[in-house]
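[1] Can you look at this prediction? I've put the sequence above it.
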Amino acid sequence: MLKPIPYKLINKIQNYEWGTRNREAFIPNLLGLEPENDLPYGELWIGAHPKASSEIEINSKLYSLNSLIKQYPKELLGDYVINKFGNEFPFLLKVLSSSRSLSIQAHPNKTQAELLNKKDPTNYPDCNHKPEIAIAIDSLKAIAGFADVNEIINNLIEYEEILSLTTINSMDITNAKSIFEKEELIKKVYSEMMIASTQSTKIEKVVTSIKNKIENKNRISNQDKLFIEQFNLYGTDIGLLSFYFFNYLELKEHQAIYTGAGIPHAYIKGNIIECMANSDNVVRAGLTNKFKDVKTLIDIIDYDFGEFEILNREQVTDEIKFTTNAEEFEVTLFTKNSYFYTSLNSKNRPVIILITEGELNIIANKKPTHQIHAQKGDSIFLPTIIDHLELTGDDAQFYMVTIP
(Lines give C-alpha, C1' and ligand atoms only; values in the text may rest on other atoms or scores of the structure.)
Protein backbone atom coordinates (compact mmCIF):
# COMPACT_ATOMS: atom_id res chain seq x y z
CA MET A 1 0.00 0.00 0.00
CA LEU A 2 2.68 2.49 1.00
CA LYS A 3 5.25 3.42 -1.62
CA PRO A 4 8.66 5.13 -1.21
CA ILE A 5 7.32 8.38 -2.67
CA PRO A 6 6.65 11.92 -1.42
CA TYR A 7 3.10 12.42 -0.15
CA LYS A 8 1.24 15.72 -0.22
CA LEU A 9 -0.45 16.44 3.12
CA ILE A 10 -3.97 17.75 3.61
CA ASN A 11 -3.96 19.79 6.81
CA LYS A 12 -6.46 21.15 9.33
CA ILE A 13 -7.04 24.84 10.05
CA GLN A 14 -7.80 25.99 13.60
CA ASN A 15 -10.11 29.02 13.67
CA TYR A 16 -8.96 30.47 16.99
CA GLU A 17 -10.44 33.84 17.93
CA TRP A 18 -7.06 35.63 17.92
CA GLY A 19 -6.35 34.61 14.32
CA THR A 20 -6.13 37.02 11.39
CA ARG A 21 -9.24 37.71 9.32
CA ASN A 22 -10.42 38.75 5.87
CA ARG A 23 -7.70 40.44 3.78
CA GLU A 24 -5.17 40.09 6.61
CA ALA A 25 -5.76 36.33 6.94
CA PHE A 26 -2.30 34.91 6.25
CA ILE A 27 -3.12 31.19 6.19
CA PRO A 28 -5.74 31.31 3.39
CA ASN A 29 -3.35 33.46 1.37
CA LEU A 30 -0.58 30.90 1.85
CA LEU A 31 -2.89 28.07 0.78
CA GLY A 32 -4.44 29.97 -2.14
CA LEU A 33 -7.89 30.00 -0.53
CA GLU A 34 -10.51 32.74 -0.34
CA PRO A 35 -11.01 33.58 3.36
CA GLU A 36 -14.55 33.35 4.70
CA ASN A 37 -15.91 36.69 5.80
CA ASP A 38 -14.77 37.62 9.34
CA LEU A 39 -13.66 34.05 10.14
CA PRO A 40 -10.40 33.99 12.17
CA TYR A 41 -7.60 31.81 10.81
CA GLY A 42 -5.29 31.08 13.74
CA GLU A 43 -3.26 27.94 13.03
CA LEU A 44 -2.57 25.35 10.35
CA TRP A 45 -1.58 22.00 11.91
CA ILE A 46 0.85 19.82 9.95
CA GLY A 47 1.59 16.44 11.50
CA ALA A 48 -0.07 13.53 13.24
CA HIS A 49 -1.54 14.97 16.43
CA PRO A 50 -4.80 13.08 17.17
CA LYS A 51 -6.66 16.37 17.71
CA ALA A 52 -6.15 17.42 14.08
CA SER A 53 -4.04 14.94 12.14
CA SER A 54 -2.98 15.68 8.58
CA GLU A 55 -4.28 13.36 5.88
CA ILE A 56 -2.71 11.61 2.89
CA GLU A 57 -4.49 10.53 -0.27
CA ILE A 58 -3.74 6.94 -1.35
CA ASN A 59 -5.60 5.33 -4.25
CA SER A 60 -8.22 8.12 -4.18
CA LYS A 61 -8.92 7.60 -0.46
CA LEU A 62 -7.94 9.86 2.45
CA TYR A 63 -6.12 8.40 5.43
CA SER A 64 -5.05 10.25 8.56
CA LEU A 65 -1.30 10.31 9.07
CA ASN A 66 -1.90 9.35 12.70
CA SER A 67 -3.73 6.14 11.75
CA LEU A 68 -1.24 5.24 9.01
CA ILE A 69 1.64 5.49 11.49
CA LYS A 70 -0.11 2.96 13.72
CA GLN A 71 -0.40 0.59 10.73
CA TYR A 72 3.01 1.19 9.16
CA PRO A 73 5.34 2.57 11.86
CA LYS A 74 8.58 1.14 10.43
CA GLU A 75 7.92 2.40 6.89
CA LEU A 76 6.86 5.89 7.99
CA LEU A 77 9.00 6.51 11.09
CA GLY A 78 11.98 4.18 10.84
CA ASP A 79 13.82 2.25 13.53
CA TYR A 80 15.61 5.24 15.09
CA VAL A 81 12.38 7.15 15.78
CA ILE A 82 10.51 4.05 16.98
CA ASN A 83 13.29 3.17 19.41
CA LYS A 84 13.43 6.71 20.76
CA PHE A 85 9.78 7.83 20.72
CA GLY A 86 7.71 4.70 20.18
CA ASN A 87 5.13 4.50 17.41
CA GLU A 88 4.37 8.20 17.68
CA PHE A 89 5.24 11.02 15.30
CA PRO A 90 7.67 13.15 17.35
CA PHE A 91 6.84 16.69 16.26
CA LEU A 92 3.99 18.98 15.23
CA LEU A 93 4.57 21.72 12.66
CA LYS A 94 2.27 24.75 12.53
CA VAL A 95 1.70 27.97 10.67
CA LEU A 96 0.45 30.48 13.24
CA SER A 97 -1.09 33.86 12.40
CA SER A 98 -2.11 36.17 15.25
CA SER A 99 -3.79 39.56 15.16
CA ARG A 100 -3.72 39.93 18.94
CA SER A 101 -2.07 38.39 21.96
CA LEU A 102 -2.24 34.70 22.67
CA SER A 103 -2.49 33.67 26.31
CA ILE A 104 0.22 34.17 28.89
CA GLN A 105 1.44 30.58 29.08
CA ALA A 106 4.12 28.03 29.85
CA HIS A 107 4.52 24.36 29.03
CA PRO A 108 5.19 21.50 31.46
CA ASN A 109 8.17 19.17 31.29
CA LYS A 110 7.54 15.46 30.69
CA THR A 111 7.15 14.51 34.35
CA GLN A 112 4.79 17.43 35.00
CA ALA A 113 2.82 16.65 31.81
CA GLU A 114 2.27 13.06 32.93
CA LEU A 115 0.98 14.20 36.33
CA LEU A 116 -1.28 16.87 34.80
CA ASN A 117 -2.68 14.42 32.26
CA LYS A 118 -3.47 11.91 34.99
CA LYS A 119 -5.06 14.57 37.20
CA ASP A 120 -6.94 16.55 34.53
CA PRO A 121 -7.04 14.83 31.12
CA THR A 122 -9.69 17.25 29.86
CA ASN A 123 -7.46 20.30 30.04
CA TYR A 124 -4.15 18.46 29.65
CA PRO A 125 -4.97 15.96 26.89
CA ASP A 126 -1.65 14.14 26.57
CA CYS A 127 1.35 13.29 28.72
CA ASN A 128 4.03 14.84 26.52
CA HIS A 129 6.07 17.98 27.04
CA LYS A 130 5.99 20.82 24.50
CA PRO A 131 9.30 22.54 23.77
CA GLU A 132 8.71 24.80 20.77
CA ILE A 133 10.37 27.14 18.32
CA ALA A 134 8.70 30.19 16.75
CA ILE A 135 10.22 31.47 13.49
CA ALA A 136 9.04 34.82 12.13
CA ILE A 137 7.81 34.54 8.54
CA ASP A 138 7.64 38.33 8.29
CA SER A 139 7.74 39.67 11.87
CA LEU A 140 6.66 38.74 15.37
CA LYS A 141 5.95 40.70 18.53
CA ALA A 142 6.24 38.54 21.63
CA ILE A 143 7.09 38.45 25.30
CA ALA A 144 9.26 35.65 26.66
CA GLY A 145 11.22 34.90 29.82
CA PHE A 146 11.72 37.13 32.83
CA ALA A 147 13.48 40.40 31.98
CA ASP A 148 16.61 41.77 33.65
CA VAL A 149 16.10 42.02 37.42
CA ASN A 150 16.74 45.76 37.59
CA GLU A 151 14.34 46.44 34.72
CA ILE A 152 11.56 44.60 36.58
CA ILE A 153 12.39 46.43 39.82
CA ASN A 154 12.13 49.80 38.01
CA ASN A 155 8.73 48.76 36.63
CA LEU A 156 7.52 47.83 40.10
CA ILE A 157 8.67 51.18 41.46
CA GLU A 158 6.90 53.05 38.65
CA TYR A 159 3.73 50.96 38.91
CA GLU A 160 3.69 50.25 42.64
CA GLU A 161 -0.03 49.45 42.38
CA ILE A 162 1.07 45.94 41.42
CA LEU A 163 2.48 45.47 44.93
CA SER A 164 -0.98 46.03 46.41
CA LEU A 165 -1.82 42.55 45.14
CA THR A 166 1.00 41.08 47.23
CA THR A 167 2.49 41.07 50.73
CA ILE A 168 5.52 43.00 49.43
CA ASN A 169 5.70 46.78 49.83
CA SER A 170 7.68 49.49 48.01
CA MET A 171 10.25 49.71 50.82
CA ASP A 172 11.04 46.01 50.40
CA ILE A 173 11.72 46.67 46.72
CA THR A 174 13.90 49.77 47.15
CA ASN A 175 15.86 48.25 50.05
CA ALA A 176 16.81 45.12 48.13
CA LYS A 177 20.50 45.43 47.24
CA SER A 178 21.87 42.14 45.96
CA ILE A 179 20.71 40.44 42.77
CA PHE A 180 19.68 37.41 44.83
CA GLU A 181 17.46 39.54 47.11
CA LYS A 182 15.86 41.21 44.09
CA GLU A 183 15.25 37.91 42.34
CA GLU A 184 13.60 36.39 45.40
CA LEU A 185 11.35 39.45 45.81
CA ILE A 186 10.32 39.35 42.14
CA LYS A 187 9.49 35.65 42.39
CA LYS A 188 7.28 36.34 45.40
CA VAL A 189 5.63 39.37 43.79
CA TYR A 190 4.85 37.53 40.58
CA SER A 191 3.46 34.41 42.22
CA GLU A 192 1.32 36.36 44.72
CA MET A 193 0.13 38.72 41.97
CA MET A 194 -0.98 35.82 39.77
CA ILE A 195 -2.72 34.05 42.65
CA ALA A 196 -4.57 37.31 43.38
CA SER A 197 -6.02 37.16 39.87
CA THR A 198 -9.01 35.27 41.29
CA GLN A 199 -10.03 38.49 43.07
CA SER A 200 -11.38 40.44 40.12
CA THR A 201 -12.21 43.64 42.01
CA LYS A 202 -8.59 44.05 43.13
CA ILE A 203 -7.27 43.43 39.64
CA GLU A 204 -9.70 45.91 38.14
CA LYS A 205 -8.51 48.64 40.50
CA VAL A 206 -4.82 48.02 39.76
CA VAL A 207 -5.22 47.76 35.98
CA THR A 208 -7.36 50.89 35.82
CA SER A 209 -4.81 52.86 37.85
CA ILE A 210 -1.93 51.79 35.58
CA LYS A 211 -3.97 52.59 32.48
CA ASN A 212 -4.59 56.12 33.78
CA LYS A 213 -0.88 56.59 34.49
CA ILE A 214 0.08 55.48 30.98
CA GLU A 215 -2.43 57.82 29.37
CA ASN A 216 -0.89 60.76 31.25
CA LYS A 217 2.73 59.96 30.33
CA ASN A 218 4.62 61.96 27.72
CA ARG A 219 6.68 58.97 26.61
CA ILE A 220 5.52 55.39 26.90
CA SER A 221 7.48 52.13 26.72
CA ASN A 222 6.82 49.13 24.48
CA GLN A 223 5.25 47.40 27.48
CA ASP A 224 2.96 50.40 27.99
CA LYS A 225 1.86 50.21 24.36
CA LEU A 226 1.13 46.51 24.74
CA PHE A 227 -0.79 47.18 27.93
CA ILE A 228 -3.13 49.69 26.24
CA GLU A 229 -3.55 47.61 23.05
CA GLN A 230 -4.45 44.45 24.93
CA PHE A 231 -6.55 46.30 27.53
CA ASN A 232 -8.76 47.44 24.64
CA LEU A 233 -9.22 43.78 23.70
CA TYR A 234 -9.29 41.95 27.05
CA GLY A 235 -10.24 44.59 29.63
CA THR A 236 -8.95 44.27 33.20
CA ASP A 237 -7.05 41.00 32.76
CA ILE A 238 -4.22 39.86 35.05
CA GLY A 239 -2.18 39.02 31.94
CA LEU A 240 -1.63 42.74 31.30
CA LEU A 241 0.59 43.00 34.36
CA SER A 242 2.91 40.30 33.05
CA PHE A 243 4.15 42.74 30.41
CA TYR A 244 6.16 44.44 33.17
CA PHE A 245 7.97 41.22 34.14
CA PHE A 246 8.90 39.67 30.78
CA ASN A 247 11.24 40.51 27.91
CA TYR A 248 9.55 42.36 25.06
CA LEU A 249 10.76 41.05 21.68
CA GLU A 250 10.33 42.18 18.10
CA LEU A 251 11.56 39.50 15.70
CA LYS A 252 12.41 40.31 12.11
CA GLU A 253 11.99 37.96 9.16
CA HIS A 254 13.62 34.54 9.77
CA GLN A 255 14.55 35.28 13.38
CA ALA A 256 13.30 32.85 16.01
CA ILE A 257 12.88 32.13 19.70
CA TYR A 258 12.91 28.77 21.45
CA THR A 259 10.88 28.19 24.61
CA GLY A 260 11.61 25.12 26.70
CA ALA A 261 9.64 23.78 29.65
CA GLY A 262 8.54 26.39 32.17
CA ILE A 263 9.49 29.45 30.11
CA PRO A 264 6.64 32.02 30.32
CA HIS A 265 5.75 33.55 26.96
CA ALA A 266 3.02 34.95 24.74
CA TYR A 267 2.97 35.67 21.03
CA ILE A 268 1.43 39.09 20.51
CA LYS A 269 1.17 39.65 16.77
CA GLY A 270 2.67 38.20 13.61
CA ASN A 271 2.91 35.28 11.21
CA ILE A 272 5.21 32.46 12.25
CA ILE A 273 6.31 28.92 11.61
CA GLU A 274 6.00 27.04 14.87
CA CYS A 275 7.40 23.59 15.58
CA MET A 276 7.08 21.65 18.82
CA ALA A 277 7.05 18.22 20.36
CA ASN A 278 3.82 16.47 19.41
CA SER A 279 1.69 17.87 22.24
CA ASP A 280 -1.14 20.31 22.93
CA ASN A 281 -0.34 20.84 26.61
CA VAL A 282 -0.59 24.54 27.51
CA VAL A 283 -0.79 26.03 31.01
CA ARG A 284 -2.57 29.39 30.67
CA ALA A 285 -2.94 32.22 33.16
CA GLY A 286 -4.11 35.35 31.38
CA LEU A 287 -5.27 37.06 28.16
CA THR A 288 -7.54 34.17 27.24
CA ASN A 289 -11.10 32.95 27.50
CA LYS A 290 -9.83 29.36 27.70
CA PHE A 291 -9.18 27.36 30.86
CA LYS A 292 -6.76 29.14 33.21
CA ASP A 293 -4.62 27.30 35.72
CA VAL A 294 -2.71 29.90 37.72
CA LYS A 295 -1.54 27.52 40.46
CA THR A 296 0.02 25.12 37.94
CA LEU A 297 1.68 27.98 36.08
CA ILE A 298 3.31 29.17 39.31
CA ASP A 299 4.40 25.60 40.09
CA ILE A 300 6.13 25.02 36.73
CA ILE A 301 7.41 28.50 35.82
CA ASP A 302 11.12 29.00 35.19
CA TYR A 303 12.51 32.14 36.85
CA ASP A 304 15.49 32.67 34.58
CA PHE A 305 16.17 36.42 34.47
CA GLY A 306 17.88 38.36 31.69
CA GLU A 307 17.92 39.03 27.96
CA PHE A 308 16.13 36.35 25.93
CA GLU A 309 18.10 34.64 23.16
CA ILE A 310 17.07 35.35 19.58
CA LEU A 311 18.08 32.65 17.09
CA ASN A 312 19.45 33.84 13.74
CA ARG A 313 19.85 37.33 15.19
CA GLU A 314 22.16 38.21 12.28
CA GLN A 315 19.50 37.08 9.77
CA VAL A 316 21.62 34.65 7.79
CA THR A 317 20.04 33.69 4.46
CA ASP A 318 20.19 30.78 1.96
CA GLU A 319 20.25 27.92 4.50
CA ILE A 320 19.41 28.50 8.16
CA LYS A 321 19.51 25.64 10.66
CA PHE A 322 17.70 26.57 13.87
CA THR A 323 19.61 24.63 16.51
CA THR A 324 17.90 23.95 19.84
CA ASN A 325 18.17 21.27 22.55
CA ALA A 326 14.86 19.69 21.48
CA GLU A 327 15.19 15.99 20.68
CA GLU A 328 11.94 15.84 18.70
CA PHE A 329 12.61 18.29 15.87
CA GLU A 330 15.16 20.22 13.90
CA VAL A 331 14.08 22.98 11.50
CA THR A 332 16.08 24.19 8.49
CA LEU A 333 14.95 27.06 6.27
CA PHE A 334 16.10 27.15 2.64
CA THR A 335 15.76 30.50 0.89
CA LYS A 336 18.09 30.11 -2.11
CA ASN A 337 17.09 28.78 -5.52
CA SER A 338 19.54 25.90 -5.96
CA TYR A 339 19.90 22.13 -6.21
CA PHE A 340 19.75 20.12 -3.00
CA TYR A 341 20.53 16.49 -2.32
CA THR A 342 20.35 14.40 0.81
CA SER A 343 20.36 10.70 1.59
CA LEU A 344 17.63 9.88 4.09
CA ASN A 345 18.54 6.20 4.42
CA SER A 346 21.59 6.80 6.62
CA LYS A 347 19.66 9.17 8.87
CA ASN A 348 16.60 6.92 9.05
CA ARG A 349 14.27 9.85 9.84
CA PRO A 350 10.92 11.02 8.43
CA VAL A 351 10.80 14.54 6.98
CA ILE A 352 8.13 17.20 6.43
CA ILE A 353 8.70 20.00 3.92
CA LEU A 354 6.57 23.17 3.86
CA ILE A 355 6.86 25.51 0.87
CA THR A 356 6.19 29.17 1.66
CA GLU A 357 7.35 30.73 -1.62
CA GLY A 358 7.87 29.55 -5.20
CA GLU A 359 7.85 25.96 -6.42
CA LEU A 360 9.78 22.80 -5.62
CA ASN A 361 10.28 19.56 -7.49
CA ILE A 362 10.93 16.49 -5.31
CA ILE A 363 12.22 13.21 -6.75
CA ALA A 364 12.51 10.10 -4.58
CA ASN A 365 14.93 7.22 -5.20
CA LYS A 366 16.03 8.62 -8.60
CA LYS A 367 12.76 7.48 -10.19
CA PRO A 368 10.85 10.00 -12.36
CA THR A 369 7.64 8.16 -11.41
CA HIS A 370 8.39 8.86 -7.73
CA GLN A 371 8.29 12.61 -7.90
CA ILE A 372 5.99 15.42 -6.89
CA HIS A 373 5.73 19.05 -7.93
CA ALA A 374 4.91 21.27 -4.98
CA GLN A 375 4.13 24.97 -4.79
CA LYS A 376 3.52 27.71 -2.24
CA GLY A 377 1.34 26.43 0.61
CA ASP A 378 2.01 22.73 -0.04
CA SER A 379 3.40 20.48 2.68
CA ILE A 380 5.05 17.20 1.77
CA PHE A 381 5.65 14.14 3.94
CA LEU A 382 8.70 12.01 3.15
CA PRO A 383 8.49 8.56 4.80
CA THR A 384 11.64 6.85 6.01
CA ILE A 385 11.46 4.23 3.22
CA ILE A 386 12.71 6.94 0.83
CA ASP A 387 16.47 6.45 0.73
CA HIS A 388 17.46 9.03 -1.88
CA LEU A 389 16.08 12.50 -2.45
CA GLU A 390 16.59 15.23 -5.02
CA LEU A 391 15.11 18.72 -4.73
CA THR A 392 15.16 21.47 -7.34
CA GLY A 393 13.57 24.85 -6.75
CA ASP A 394 12.20 27.73 -8.76
CA ASP A 395 12.65 30.73 -6.45
CA ALA A 396 11.64 28.31 -3.72
CA GLN A 397 11.60 29.09 -0.04
CA PHE A 398 10.81 26.13 2.18
CA TYR A 399 11.14 24.70 5.66
CA MET A 400 12.48 21.18 6.16
CA VAL A 401 11.73 19.54 9.50
CA THR A 402 13.17 16.26 10.72
CA ILE A 403 14.48 14.65 13.91
CA PRO A 404 18.04 15.60 14.94
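    Thanks, I have the structure now. Numbers count the residues shown, from 1 in each chain.
[2] hey, let's count contacts and neighbours off CA atoms from now on
    Will do.
[3] Remind me what the helix or strand harbouring Leu249 packs against, helices and strands.
    Per DSSP states H and E, Leu249 falls inside strand 246-252. Packed against strand 246-252 by the contact rule (3 or more C-alpha pairs under 8 Å, 6 or more residues apart in numbering; DSSP states H and E) you find strand 132-146.
[4] Show me what counts as buried in the strand it packs on.
    For strand 132-146, the neighbour count (16 or more other C-alpha atoms under 10 Å) marks 132-137, 139-146 as buried.
[5] Identify all contacting residues around that strand.
    When contacts are defined by C-alpha atoms under 8 Å, 6 or more residues apart in numbering, strand 132-146 is touched by residues 243, 245-260, 263-277, 302-306, 308.
[6] quick one: which of the residues you listed sit in strands?
    Taking DSSP state E as the definition of strands, those contribute 246-252, 256-259, 265-277.
[7] Of these, grab the buried ones for PyMOL.
    Buried residues among those (16+ other C-alpha under 10 Å), as a PyMOL selection:
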select buried, resi 246+247+248+249+250+251+252+256+257+258+259+265+266+267+268+269+270+271+272+273+274+275+276+277
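[8] the bottom helix or strand of the protein by mean pLDDT?
    Ranked by mean pLDDT, DSSP states H and E, the weakest helix or strand in the chain is strand 339-342, scoring a mean of 61.
[9] just how off-centre is the helix or strand just after it within its chain?
    Going down the chain from strand 339-342, the next helix or strand is strand 351-364, by DSSP H and E. Strand 351-364 sits 22 Å away from the centroid of its parent chain (C-alpha atoms, centre = their mean, to the nearest Å).
[10] Strand 351-364 pairs with which strands?
    With DSSP bridges as the criterion, the sheet partners recorded for strand 351-364 are strand 371-375 (antiparallel), strand 379-382 (antiparallel), strand 389-402 (antiparallel).
[11] got CSV for those, with mean pLDDT, mean neighbour count and distance to Glu151 too?
    Listed next are those as CSV, based on pLDDT from 0 to 100; neighbours: other C-alpha atoms under 10 Å; distance: least, C-alpha to C-alpha, whole Å:
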stretch, mean pLDDT, mean neighbour count, distance to Glu151
strand 371-375, 91, 19, 46
strand 379-382, 96, 23, 43
strand 389-402, 88, 19, 36
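[12] Select, out of those, the one closest to Ile186.
    strand 389-402 (38.2 Å; C-alpha to C-alpha).
[13] Go through the buried residues of strand 132-146 and name the one nearest Leu33.
    Lowest distance from Leu33 to the buried residues of strand 132-146 (C-alpha to C-alpha) belongs to Ile137, with 18.7 Å.
[14] The closest one and Ile272, how far apart?
    Distance of Ile137 to Ile272, given as C-alpha to C-alpha, to the nearest Å: 5 Å.
[15] now Glu161
    Using C-alpha to C-alpha, we find Glu161 at a distance of 35 Å from Ile272.
[16] ok, now Leu226?
    19 Å.
[17] Same question for Lys321.
    For Lys321 relative to Ile272 (C-alpha to C-alpha), the value is 16 Å.
[18] Same check on Phe334?
    Counting by C-alpha to C-alpha, the gap from Phe334 to Ile272 is 15 Å.
[19] And Asp394, by the same measure?
    23 Å.
[20] still on that earlier bit, want to throw the buried residues of strand 132-146 into a markdown table with pLDDT?
    Formatted as a markdown table, those follow (pLDDT from 0 to 100):
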| residue | pLDDT |
| --- | --- |
| Glu132 | 97 |
| Ile133 | 98 |
| Ala134 | 98 |
| Ile135 | 98 |
| Ala136 | 98 |
| Ile137 | 97 |
| Ser139 | 96 |
| Leu140 | 97 |
| Lys141 | 96 |
| Ala142 | 97 |
| Ile143 | 97 |
| Ala144 | 97 |
| Gly145 | 97 |
| Phe146 | 98 |
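[21] if we can go back for a sec, quick one, the strand holding Leu249 and strand 132-146 angle?
    Calculated by axes from the mean of the first three to the mean of the last three C-alpha atoms, to 10 degrees, strand 246-252 forms an angle of 140 degrees with strand 132-146.
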